[in-house]
Each structure stands twice: as structure tokens, then as C-alpha cells.
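> sequence first, then the predicted structure, then my questions.
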Amino acid sequence: MRRSFAIAVAACVLSVGVLASRSNSGASDDLAEHVSTYIWRLHDGWFGGFSGIELSDNGREMVAISDRGMFVTGTLRRKDGAVSSVVGVESFRVLDTKGTFPQKAGLRDSEGLVLQKDGKLVVSFEGKHRLNRFSQPGAKAQGMPWRKTFNQMKVNGGFEALAINNWGKIFAIPEQPISDETIAQVFTLKKGQWEKAFTLPREKQFQPVGADFGPDGRLYLLERGFNGLGFRVRVRSFAVEGTVASDEKLLLRKGIGIHDNLEGLAVWRDELGRIRLTMISDDNFRLIQRTEIVEYVIPQ
């Protein structure tokens with residue numbers, strides 16, 4: 001998501017805190033335990049701004065999306081369970097329904113990402129709010145249904161969090177509330193139409209920016225906060241049954257100086273049978289920020 005220069009200046013404070021706080025990133029009051037924070041660097045001009053991530057069931061094959069309209073694929077390598085490198089990296093432009101790459105930045109602000117079981121990708125956009133489906137990275141976009149209510153979303157507060165459950169049902173959560181500020185409204189695509197699915201309790205200082213259904217069937221929600229000095233992060237999970245989300249669990253909550261601007265979330269089960277949270281940060285294409293791939297596990 002695009003931020004003002006004020007955020008970039010504040011991130012300078014954050015960048016110092018990130019390095020100073022690595023050893024404290026798995027505080028004992030969290031259910032989730034910190035595994036690794038990998039700082040990913042490439043010198044290609046397209047690199048950065050990652051706002052969504054999806055992983056294969058084994059947590060190795062990655063597809064990510066940037067808010068400047070790029071799909072990025074690669075393989076995560078780990079050493080002793082911690083991410084050590086990203087190899088085989090390829091980038092693809094996010095094309096429009098005409099098969100062209102939009103020249104206006106506001107038309108290529110891709111934010112949310114889900115990977116369907118058939119390999120197709122669903123992407124949400126801000127700037128000009130919409131959702132598109134792609135047969136693969138680099139393919140021409142296919143239009144998707146819309147709902148008039150979505151036109152009420154703020155320009156910079158659209159669908160950043162997309163998720164798909166184990167039955168292939170897609171869910172979308174706006175970053176900013178459409179009406180009541182105490183709830184996050186969740187929508188789902190059903191028979192070609194978007195419907196209200198359920199609501200989640202929301203705190204004003206945290207915005208939904210990433211979501212995923214885990215192999216355990218629970219909905220995991222990544223939330224980001226910014227208070228003028230740096231970024232905060234929170235991850236909660238919910239049991240979803242029909243039109244009700246319940247059994248809220250706070251898995252992770254970190255103050256400023258621990259992580260950068262985490263926006264993408266993928267949830268999977270590792271070789272030890274633990275639920276693992278893999279998150280990626282949006283560096284806003286600022287030199288004083290960094291692209292981080294952060295992983296936590298939920299102990300059995």
C-alpha cells in the first residue's frame with residue numbers, strides 16, 4: 001500500500017529498532033514463536049513493495065505480488081528451519097483485461113492475493129478498486145464480479161486481505177471499515193455474487209492487510225498499525241462456521257521496532273506438524289525500509 005513520505009521518515013527510526021530487537025521478536029506472551037526474519041534483497045528496479053504472498057503446501061514454492069503491479073515467483077530455502085535464501089526468482093507484470101500493462105500507477109496498485117487449487121490467482125487492487133483473476137503469472141486479467149457497496153471503500157482502504165478456504169471459497173476484507181469502525185466486514189463470493197459473510201471485531205489502531213485459511217481450517221488475519229513512529233503487527237485466528245466467526249485467538253502482537261511493514265500472510269503446516277505463519281513486508285520502495293520474510297510457528 002502506498003504511504004506518505006512521513007511514513008518513510010518514521011521508518012528510519014524503525015530500521016534501527018528492527019536490528020536491535022531481533023533477539024526479542026519471540027516474546028513469551030505470544031502463542032506464536034519466532035523462527036526467522038530473512039532480509040531479502042535484489043537490485044532489480046521492480047523489486048519491493050510486496051503486499052501479498054502465497055506458498056505451496058510444503059512452504060517452499062512462493063508467489064508474491066507487489067503494489068506496483070508485479071507477480072514474483074521463487075523458492076524459499078531454509079536452513080535449520082529458518083529461511084536462508086530465495087532462489088529461482090522470476091517476475092511477471094500484472095496485466096489488465098486487454099493484456100497490457102497499465103501505465104498509470106493508480107491502475108496497477110495490486111494488493112491482495114489468493115492462489116486457487118487449480119493454480120489460478122485472484123488479485124485485488126486499490127486506486128481503482130477491482131478484483132481480477134489470472135490463469136498464471138503474466139497472463140491477461142479476467143474480470144470478476146463487483147458489488148455496489150464496494151464503491152464506498154476509501155481510495156487507500158480497499159481489499160488488501162484476501163483468503164481462500166479449503167473448499168475453494170474466496171473471502172475479501174477491506175483495510176478500512178465501510179461503515180462501523182468496530183467491525184471488519186468480510187465478504188465472500190457465492191454463485192457469482194459477493195455477499196456479506198461474517199464480521200470480525202476490529203480495533204481502530206490495527207488494519208487488516210493479509211489473511212489466509214490454515215490447513216486446520218481456521219482463518220488467520222494479519223493486521224498492521226502505524227502510529228507515526230513505526231509499524232506494529234498483530235495476528236489473530238478465528239474458527240469460521242457458516243456466517244459466524246468465533247473462538248478468537250491472539251497469536252502474535254508486536255510493537256514498533258520489531259518488524260517492518262508486514263502486509264502479506266501465508267499459513268501452512270511444516271514437517272514437524274506445526275502451523276507456520278510466513279509474512280512478507282512492503283518496503284514502500286524506500287531505501288530506509290527493507291523487504292522481510294518473517295516466520296513464526298504455533299507450538300503443538
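Thanks, I have it. Worth saying up front: this structure is predicted, and the values here are computed from it rather than measured.

> do you have the strands of the stretch 101-250 of the chain handy? List them.
Assigned strands in the stretch 101-250 of the chain, in chain order: 109-115, 121-126, 130-134, 142-143, 159-164, 170-174, 183-190, 193-201, 207-213, 219-226, 231-241, 244-254 (criterion: DSSP state E, counting those that start in this stretch).

> what packs against the shortest one?
Contact here means 3 or more CB pairs under 8 Å, 6 or more residues apart in numbering; DSSP states H and E; on that basis strand 142-143 packs against strand 130-134. Quick note: C-beta positions are derived from backbone N, CA and C, even for glycine.

> paired strands for the strand it packs on, with orientation please.
Using DSSP bridges, the strands paired with strand 130-134 are strand 121-126 (antiparallel), strand 142-143 (antiparallel).

> for the ones you listed, which one ends up most surrounded?
Most buried of the strands paired with strand 130-134, by mean neighbour count (mean count of other CB atoms under 10 Å): strand 121-126, with a mean of 24.

> quick one: contacts of that one?
Residues outside strand 121-126 that contact it (CB atoms under 8 Å, 6 or more residues apart in numbering) are 1, 52, 54, 63, 65, 67, 71, 94, 107-116, 130-134, 136-137, 141, 144, 155-160, 162, 164, 170, 172.

> now, of those, which are buried?
By neighbour count, with 16 or more other CB atoms under 10 Å, these hold 1, 52, 54, 63, 65, 67, 71, 94, 107-115, 130-134, 137, 141, 144, 157-160, 162, 164, 170, 172 as buried.

> give me the beta-bridge partners of the spatially most central residue of the chain?
Nearest residue to the geometric centre of the chain (CA atoms, centre = their mean): Gly264, 2.0 Å. As for beta bridges, Gly264 partners with Ile280 under DSSP bridges.

> so where's the chain uncertain?
Applying pLDDT under 70 to the chain flags the ranges 1-29.

> got the strands of the stretch 101-250 of the chain as JSON lines, with distance to Asp260 columns?
Putting the strands of the stretch 101-250 of the chain into JSON lines (distance: least, CB to CB, whole Å) gives the following:
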{"stretch": "strand 109-115", "distance to Asp260": "17"}
{"stretch": "strand 121-126", "distance to Asp260": "20"}
{"stretch": "strand 130-134", "distance to Asp260": "27"}
{"stretch": "strand 142-143", "distance to Asp260": "33"}
{"stretch": "strand 159-164", "distance to Asp260": "16"}
{"stretch": "strand 170-174", "distance to Asp260": "22"}
{"stretch": "strand 183-190", "distance to Asp260": "23"}
{"stretch": "strand 193-201", "distance to Asp260": "24"}
{"stretch": "strand 207-213", "distance to Asp260": "13"}
{"stretch": "strand 219-226", "distance to Asp260": "10"}
{"stretch": "strand 231-241", "distance to Asp260": "6"}
{"stretch": "strand 244-254", "distance to Asp260": "11"}
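
> look up how far Asp282 lies from the residue nearest to the centre of the chain.
Computed as CB to CB, to the nearest Å, the Gly264 to Asp282 distance reads 8 Å.

> which residues do those two both contact?
Residues touching both Gly264 and Asp282 (CB under 8 Å, 6+ apart): Phe50, Ser51.

> please name the nearest non-neighbouring residue to Lys254.
Of all residues not flanking Lys254 in the chain, Val233 sits nearest, at 4.9 Å (CB to CB, 6 or more residues apart in numbering).

> Phe92: what secondary structure?
strand (DSSP: H, G, I helix; E, B strand; the rest coil).
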